[in-house]
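Participant: Quick one: sequence plus predicted model below, questions after.
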Amino acid sequence: MTARLGLFIILGVTLWRIVTLHFDTTDLFVDEAQYWFWSQNLDFGYYSKPPMIAWVIRAVTELAGSTAIYWIRVSGPLIHMATAIMLMRTARRFVGPKIEGWTGATFITLPGVALSSVFFSTDVVLLFFLTVAFWAYFGLIEKRSAGLAILMGFAFGCAFLSKYAILFVVPGGLIALILLPSARIAWRDFFVSVIVALAVAAPNLWWNLTHDGTTVRHTTNIAHWSKLRIDVAGGLEFFLAQFGVVGPIVFFAMLWGVARALKGKSDRRETMLIWLSIPVVLMITLQALVAKAYANWGVTAYIAGTILAVWLLDRHWPKGLRVSLVINGTASLLFPLAAVFAHQLVLPNGSEVMKRYLGRSAISREAGELARQTASSIIVSDSRDLLADMFHTLRNDPVRIYAKPPVGAPDNYYEQTFALPGDVAERVLFVTTHSVDCAQPPELVRSWQPTEGYYRGKTIFAYKILPTCLAGK
């Protein structure tokens, strides 16, 4: 495949995603709504993630003059397009022009890329900056360059500001520097990159220091390191899920590369790509084996991993590249359609295939209507999921929204930053997923069970309640 054809595929797939996104019928997922809310409250750090995704959403929505769902999500396919094009240049620099087109076409159609082109996530921005860092690094192994060293450090720092998962690349990279002379760069360039990366990351590091290490603590909490145990099924589930994240043939090719290296059949460049990818998969598999891990935690493996897989397939199984493109390309075309026809894709039990992305805004609109009917100027909830959507869906309504005051340390951003102030004395509308008891009986305004989406079959309660009933419980 020529570079021109690869670029044509990238542009075509991106155009398909941008157009179908306009007809998307899903609600913002909890994380997406939270990222948007962060973008309305700019900072150098947030409860669960570093700030880059909030900055990106703010920039795009400001340019568009709209905070509609389309403009929150459109960054996904656009940034992935930029990453695919940058990855083409990276593959050309490190391997040669022969695999340039295939690398771009393969990356843009990875199932994980297709999914995050529909639902915006921190992985999108992370992978772009990681690709830029690799492009600069592969230039530095060829010659000394202060400019490339600064760029590598800047890109790595921005990747850190996108998601701390960038650190998973570091152990394998350091091992490559130690074991492979061809992987080494000049000491001056190395230290320049480290200094620049630290300078870029410094605002977020300082934010964590001044906020009791909130983001770092949350990251360790979701890793469940306090509950270590051996879970073979969990480790196997994560490992097998990677065949879905990047497609069966791409992940198979990466493992094939490892087998070749163990037999002494790989050259120095192939070995370097292995060190920059496979250790990430192994570390997260170990994490899943002893605690917990989500399928996307290993995404930093798939920048170098894509180049490795394409290069190996191009030399030893060219047909595999074509078969992989058909499989992953089909998935890439179908994912956006699933979001367009989300209400029509229903399982035999009546549950929607995309139910976790449906029904959220309907509850928020109902809460807004109940607030108007009861003359409530304040809505409170103890649910992060409900709060996330209410802040976005009711953004133009004349109501103030707060989280129920936490008992002890806050469990989310809303409790940390937008808890109900202690000086509020008037009755508020409290929306929750459970019944409420209080010495001063609250007024049940309404209880209902949504008929579709994530909350289908669950009961939602709305109470007119005194703030004193919400404190310390």
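Facilitator: Right, received. Where do you want to start?
Participant: residue contacts, the nearest residue to residue 244 once chain neighbours are set aside?
Facilitator: Using Cβ to Cβ, 6 or more residues apart in numbering and skipping residues adjacent in sequence, the residue nearest residue 244 is residue 111, 5.9 Å away. For every residue, glycine as well, the C-beta is placed using N, CA and C. Residue 111 makes contact with 244-247, 328, 331-332, 335, according to Cβ atoms under 8 Å, 6 or more residues apart in numbering.
Participant: got any ranges where this structure has weak pLDDT?
Facilitator: Within the chain, the ranges that satisfy pLDDT under 70 run 217-228, 472-473.
Participant: All the strands of it, residue numbers only.
Facilitator: 378-381, 400-403, 428-432, 443-448, 460-465 (DSSP state E).
Participant: ok, which stretches of the stretch 201-350 of the chain are helices?
Facilitator: Using DSSP state H, counting those that start in this stretch, the helices of the stretch 201-350 of the chain run over 214-222, 232-245, 248-262, 268-275, 278-290, 304-316, 318-340.
Participant: got the contact list for the fourth one?
Facilitator: By Cβ under 8 Å, 6+ apart, the residues outside helix 268-275 that reach it are 94-95, 172-173, 175-176, 179-180, 182-183, 257-258, 260-261, 266, 304-305, 307-308, 311-312.
Participant: And residue 271, how close does it get to residue 442?
Facilitator: 65 Å (Cβ to Cβ, to the nearest Å).
Participant: now swap in residue 155 and tell me
Facilitator: Distance from residue 155 to residue 442, by Cβ to Cβ: 53 Å.
Participant: same question, residue 214
Facilitator: 32 Å.
Participant: more neighbours, residue 155 and residue 442?
Facilitator: A count of neighbours by other Cβ atoms under 10 Å puts residue 155 above the other of residue 155 and residue 442, at 26 against 20.
Participant: so what's that one up against?
Facilitator: 129-130, 132-133, 136 are the contacts of residue 155 under Cβ under 8 Å, 6+ apart.
Participant: how does it look with 10 Å?
Facilitator: For residue 155, the contact set (Cβ atoms under 10 Å, 6 or more residues apart in numbering) comprises 86, 128-137, 166, 193, 196-197, 200.
Participant: And for residue 286?
Facilitator: Contacts of residue 286 by Cβ under 10 Å, 6+ apart are 235, 238, 293.
Participant: Now these in JSON lines, please, with extra columns for distance to residue 419.
Facilitator: Converted to JSON lines, the contacts of residue 286 look like this (distance: Cβ to Cβ, whole Å):
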{"residue": "235", "distance to residue 419": "38"}
{"residue": "238", "distance to residue 419": "35"}
{"residue": "293", "distance to residue 419": "31"}
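Participant: Return the members of those classed as buried.
Facilitator: 235, 238, 293 (16 or more other Cβ atoms under 10 Å).
Participant: Closest one of those residues to residue 465?
Facilitator: The shortest approach to residue 465 among those belongs to residue 293, at 39.3 Å (Cβ to Cβ).
Participant: Got phi/psi on that closest one?
Facilitator: phi -150, psi 140 (degrees, to the nearest 10).
Participant: Test my guess that it contacts residue 280.
Facilitator: No. Applying Cβ atoms under 10 Å as the test, residue 293 and residue 280 come out as separate, 11.4 Å apart.
Participant: on that earlier part again, buried members of the contacts of helix 268-275 into PyMOL, please.
Facilitator: Those of the contacts of helix 268-275 that count as buried under 16+ other Cβ under 10 Å are selected in PyMOL with:
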select buried, resi 94+95+172+173+176+183+257+258+260+261+266+304+305+307+308+311+312
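Participant: hmm, back to that, filter the contacts of residue 111 down to the buried ones and hand me the ChimeraX line.
Facilitator: With 16+ other Cβ under 10 Å as the criterion, this ChimeraX line picks the buried residues out of the contacts of residue 111:
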select :245,246,247,328,331,332,335
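Participant: Same list (the contacts of residue 111) but as CSV, adding distance to residue 116.
Facilitator: Shown next, in CSV, are the contacts of residue 111 (distance: Cβ to Cβ, whole Å):
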residue, distance to residue 116
244, 13
245, 10
246, 12
247, 14
328, 14
331, 13
332, 12
335, 10
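Participant: What is the most widely separated pair among the contacts of residue 111?
Facilitator: Largest pairwise distance in these, by Cβ to Cβ, is 14.2 Å, between 246 and 335.
Participant: Next, give phi and psi for the closest residue to residue 413 other than its chain neighbours.
Facilitator: Excluding the flanking residues, the one nearest residue 413 by Cβ to Cβ, 6+ apart is residue 47, at 3.8 Å. Main-chain torsions, residue 47, degrees, to the nearest 10: phi -50, psi -50.
Participant: Any idea how many residues pack against the residue nearest to residue 141 when sequence neighbours are not counted?
Facilitator: Leaving aside its chain neighbours, residue 141 sits nearest to residue 185 (5.7 Å; criterion: Cβ to Cβ, 6+ apart). Per other Cβ under 10 Å, the neighbour tally for residue 185 reads 23.
Participant: next one: residue 178
Facilitator: 11.
Participant: For residue 327, see how far away it is.
Facilitator: For residue 178 relative to residue 327 (Cβ to Cβ), the value is 37 Å.
Participant: ditto for residue 342
Facilitator: On the measure of Cβ to Cβ, residue 342 and residue 327 end up 23 Å apart.
Participant: Now stretch 442-455: buried residues?
Facilitator: 442, 445, 450, 452-455.
Participant: gap between that stretch and the chain center?
Facilitator: Computed by Cα atoms, centre = their mean, to the nearest Å, the chain-centroid distance of stretch 442-455 equals 30 Å.
Participant: Equivalent analysis for stretch 17-32, please.
Facilitator: 15 Å.
Participant: and if you look at stretch 159-174?
Facilitator: On Cα atoms, centre = their mean, the centre of stretch 159-174 falls 14 Å from the chain's centre.
Participant: For that stretch, measure first residue to last.
Facilitator: 17 Å (Cα to Cα, to the nearest Å).
Participant: Stretch 66-85 now?
Facilitator: 28 Å.
Participant: again with stretch 434-453
Facilitator: 18 Å.
Participant: related to what we said a few turns ago, distance check, the residue nearest to residue 413 against residue 254.
Facilitator: 34 Å.
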